[in-house]
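# Using only what follows, build the 3D model:
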Amino acid sequence: MSGHSKWKTNKGKKGIADAKRGATFTKIIKELVVVARDGGGNPDTNPRLRAIMQKAKEANMPSDNVKMAIKRGTGELPGVVYESVMYEAYGPGGVAILIDSLTDNKNRSTAELRNIMSKRGGNMAGAGSVSWMFTQKGYISVAKDKIKEDELMNIVLDAGAEDMKHEDNFYEIYTSVQDLEKVKQALQDKGVKWEDAELTMIPSSTVKVAGHEARQVLALVEALEEHDDVQQVYANFDIPDEIMNEVASEG
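The predicted structure is shown next:
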């Protein structure tokens, strides 16, 4: 499992506290507003909206919140206008970082994220500095105890997946952006539950980081992820499992 994907999975297993759940809802609402604005409020004709509605369902977000967010996006209700901004940065050890954000005030977000970076050993980088290292893909992780490898491979490859790997206790499935929902549907039809399923940015290469520097990287990524305007953080670190497990259990 790629370093950052494994880190997210480990952190997710700790459960969602009330404060954390509220922050998750806020991020999903922003996504719903923007995606409904860009592609319309009908999930049948807007696959991105359908995917985020599924994410909202998995997070146990009340359906009324989802409906209101979509109406704000389509203009049926008044709402805040959000701008999508992708920040690029370097963390400790030369780790490349992409910060996907939705903000109603770009200047404020830029200043606050720059402050987080400077306090934790990172630096903002210019446009194009690190984005060339990442490719957008669909990503699904399935626990190995849910299904046999051959059976899973047949399901996902028949549905259009590009690749499947395995490491530790998980299978990792990679798809094109367009085929993610089709592969998820195929798994759902077979009763296969996944741990994580999303559009993500996959790095072309990784940077090995260990010791104190590794902990710095994880602290930086977590601080960025907790910022209200940040939707996703992608990084190309390769950190030993024992360090990721220790840090995840400490939080």
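
# Bridge partners for the closest residue to residue 126 other than its chain neighbours, pull those for me.
Closest residue to residue 126 apart from its sequence neighbours, by CB to CB, 6 or more residues apart in numbering: residue 88 at 7.0 Å. C-beta here means a position set from N, CA and C on the backbone, and glycine is covered the same way. Residue 88 has the following beta-bridge partners by DSSP bridges: residue 98, residue 125.

# Helices of this protein, start to end?
Using DSSP state H, the helices of the chain run over 3-12, 18-39, 47-58, 63-74, 106-119, 149-158, 180-189, 211-226, 241-250.

# okay if I get those as CSV plus mean pLDDT and mean neighbour count?
Listed next are the helices of the chain as CSV, based on pLDDT from 0 to 100; neighbours: other CB atoms under 10 Å:
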stretch, mean pLDDT, mean neighbour count
helix 3-12, 55, 20
helix 18-39, 85, 18
helix 47-58, 89, 18
helix 63-74, 94, 18
helix 106-119, 96, 14
helix 149-158, 95, 15
helix 180-189, 93, 18
helix 211-226, 93, 19
helix 241-250, 80, 15
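
# Neighbours of the spatially closest residue to residue 27 that is not a sequence neighbour, how many?
Sequence neighbours aside, residue 231 is the residue nearest to residue 27 in space, at 5.5 Å (criterion: CB to CB, 6+ apart). Applying other CB atoms under 10 Å, we find 18 residues neighbouring residue 231.

# Would you check that residue 231 makes contact with residue 109?
No - look at residue 231 against residue 109 with CB atoms under 8 Å: they stay out of range, at 11.4 Å.

# any shared contact partners between those two?
Residues within reach of residue 231 and of residue 109 at once, by CB atoms under 8 Å, 6 or more residues apart in numbering, are residue 101.

# on that earlier part again, of all the helices of the chain, which lies closest to residue 139?
helix 3-12 (6.6 Å; CB to CB).

# excluding its backbone neighbours, what's nearest residue 209?
In space, residue 209 is closest to residue 93, 4.2 Å off (CB to CB, 6+ apart).

# how close does that neighbour sit to residue 162?
Residue 93 sits 29 Å away from residue 162, taking CB to CB, to the nearest Å as the criterion.
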